[in-house]
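>>> Take this sequence and fold it.
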Amino acid sequence: MKILLLITGLGLGGAEKVVTSLADQLFVAGHQVKIAYLRGEIEVQPQHPEIELIQLGLNSLANFSHSAQRFAQIMQQFQPDVVHAHMFHAILFARLLRRSAQIPYLICTAHSKVIGGKARQWLYRMTDRYSDVNTNVSQEATDFFIAQKAFGAAKSTAVSNGIDTQKFQFSASARQQLRSQFGFSDDTPVLIAVGRLMQAKDYPNLIQAFRLLQQTQPKAQLLIVGDGVQRAELEQQVQQLNLADQIHFLGVRHDVAELLSAADLFVLSSAWEGFGLVVAEAMSCERVVVATDCGGVKEVLGEPEWLVPPQNAEMLSKKLVQALQLSIEQKAQLGQQHRQRIQQHYSMQSMLQQWLALYHLSTERTAS
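Down below sits the predicted model:
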């Protein structure tokens, strides 16, 4: 089968990681796959260099005609059985070109419960007839899009993201090595948060929660992995709270699985999420997880005990203290349960099979 994956960009985000991982899985399974992206630099890409990455150059509306012609050429040359569009701008682009580019079958995937305002809601609604299948990354997000009439109910479903459980697994050697590099002892309580430094992730909430945590856990350390527009603002907040020796901004890292192993506890402080990919990655690494109850996180975690309301630093801090007070045996047992849950419900193979089932609907329709 020929599959064209279309995405807004290939920056360092959860959706981008999912799309490139999906491309790898499809390629290994014997399918022909290409990735087209609207704009931006390549910051994440598939492991297999045979998978072609094609930029459409849609940097502004002035370039729309050129980008549309480029897309039509790709369609004519590659002749995919399915076009699978990810994220709002790519979805809108594909829907608008459904007829002129002769897209045979179009699947549109949103990656968040957040629609993005009334204008986007209206555009989703007005172009919905041009997609064959709509999906979102959690049942809650899918139901919300349907309730807001951004997705038509009859052709919408939830498809969860998948985790590479071989890549994301606990490593005792990585834990020891990284703790040594950071100067942490074996009994230092280490928390970790992973994600872009942006409004959705609500790092100010996490920093305030960590400040409260310090009252009972003065030896605790916090690693923040990621970069973004709020970095300077967050670093200033940390300085003002005199926490620069306890909170460490690591920037973009490519050893996230190893860093997760080095930590005792993963924390997600987001105000909103789609699926919560990093939660699943932390669970796959057998980490204890404390998270805000947003988006599909509750579906992934499956443990309401470790969820707190968004934007509530006091409750987040209390839950972090509770998690750190677990015994070594309790943490290990909870971590093992987390990994088993990911292996059973959120593996890469499980995600691949769900997508292939939807892709094969295109051939069934052609045959009929």
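>>> Can you tell me which helix or strand of the chain has the lowest average pLDDT?
Within the chain, no helix or strand scores below helix 348-367, which has a mean of 86 by mean pLDDT, DSSP states H and E.
>>> and Ile74, what is it in contact with?
4, 34, 36, 54 (C-beta atoms under 8 Å, 6 or more residues apart in numbering). C-beta coordinates here come from the backbone N, C-alpha and C atoms, glycine included.
>>> that older thread, the least confident helix or strand of the chain packs against which elements?
Applying 3 or more C-beta pairs under 8 Å, 6 or more residues apart in numbering; DSSP states H and E, one finds that helix 348-367 contacts helix 14-28, strand 82-86, strand 133-136.
>>> if we can go back for a sec, tell me which entries of the contacts of Ile74 lie within strands.
Using DSSP state E, the members of these that fall in strands are 4, 34, 36, 54.
>>> can I assume the last one is in contact with Val33?
Read it as Ile54. No - the criterion here is C-beta atoms under 8 Å, and Ile54 misses it with Val33 at 11.7 Å.
>>> which one of these two has more residues nearby?
Set side by side, Ile54 and Val33 show more neighbours around Val33, with 25 against 16, by other C-beta atoms under 10 Å.
>>> any idea of the pLDDT on the more buried one?
For Val33, the pLDDT comes out at 98.
>>> Could you measure from Tyr203 over to Ala68?
With distances taken as C-beta to C-beta, to the nearest Å, Tyr203 is found 38 Å from Ala68.
>>> between the two, which one's more packed in?
Tyr203 (28 against 17).
>>> ok, back up a step: arrange the ones in strands among the contacts of Ile74 in a markdown table, one row each, with distance to Pro304 as further columns.
Output for those, formatted as a markdown table (distance: C-beta to C-beta, whole Å):
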| residue | distance to Pro304 |
| --- | --- |
| Leu4 | 40 |
| Lys34 | 41 |
| Ala36 | 40 |
| Ile54 | 43 |
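>>> Could you measure from Ile224 over to Ile207?
Distance of Ile224 to Ile207, given as C-beta to C-beta: 9 Å.
>>> right, I mislabeled it, should have said Gly195
Counting by C-beta to C-beta, the gap from Gly195 to Ile207 is 14 Å.
>>> joint contacts of the two?
With C-beta under 8 Å, 6+ apart, Gly195 and Ile207 have no common neighbours.
>>> hang on, the earlier thing: of Ile224 and Ile207, which one has the most company?
Using other C-beta under 10 Å as the criterion, Ile224 and Ile207 rank with Ile224 on top: 26 against 21.
>>> Please name the residues that touch the more buried one.
Ile224 is in contact with 192-193, 197, 203, 206, 234, 247-250, counting by C-beta under 8 Å, 6+ apart.
>>> and which of the residues you listed is nearest Gln79?
For those, the closest approach to Gln79 (C-beta to C-beta) belongs to Leu197, at 41.3 Å.
>>> Go ahead and report the secondary structure state at that closest one.
Three-state call for Leu197 (DSSP: H, G, I helix; E, B strand; the rest coil): coil.
>>> Let me know whether it touches Leu234 as I believe.
Yes - Leu197 lies in contact with Leu234 (C-beta under 8 Å); the separation is 6.0 Å.
>>> anything in contact with each of the two?
Overlap of the contact sets of Leu197 and Leu234 (by C-beta under 8 Å, 6+ apart) consists of 203, 224.
>>> hang on, the earlier thing: if we take the contacts of Ile74, which one ends up nearest to Arg120?
Nearest to Arg120 among these, counting by C-beta to C-beta, is Ala36 at 21.2 Å.
>>> Direction included, what does the one helix or strand Ile107 maps to pair up with?
In this structure, Ile107 sits in strand 106-109 according to DSSP states H and E. Strands that pair with strand 106-109, judged by DSSP bridges, come out as strand 82-86 (parallel), strand 133-136 (parallel).
>>> In strands, which of the contacts of Ile224 fall?
Among those, the members falling in strands (DSSP E) are 192-193, 247-250.
>>> for these, which one is nearest Leu324?
Using C-beta to C-beta, these come closest to Leu324 at Ile192, 12.8 Å.
>>> Might one say that the closest one is in contact with Val225?
Yes - under the criterion of C-beta under 8 Å, Ile192 makes contact with Val225 at 6.7 Å.
>>> Show me whatever sits in contact with both of those two.
Shared contacts of Ile192 and Val225, defined by C-beta under 8 Å, 6+ apart, comprise Leu259.
>>> With neighbour numbers in mind, choose between these two.
Taking neighbours as other C-beta under 10 Å, Ile192 and Val225 compare with Ile192 leading, 25 against 22.
>>> Next, the contact list for that one, please.
Ile192 is in contact with 222-225, 259-260, 262-263, 265-267, 282, 287, counting by C-beta under 8 Å, 6+ apart.
>>> Quick one: the helices in the chain, in order.
Taking DSSP state H as the criterion, the chain carries its helices at 14-28, 64-78, 88-96, 118-127, 139-147, 172-182, 203-213, 231-240, 256-262, 277-284, 297-301, 313-324, 328-345, 348-367.
>>> among these, where is the model least confident on average?
Looking at the helices of the chain, the lowest mean pLDDT belongs to helix 348-367 (a mean of 86).
>>> Now do that one: everything it contacts.
1, 3, 21-22, 25-26, 29, 81-82, 84, 104-105, 107, 132-133, 135, 157, 159-165.
>>> All good on my end, thank you.
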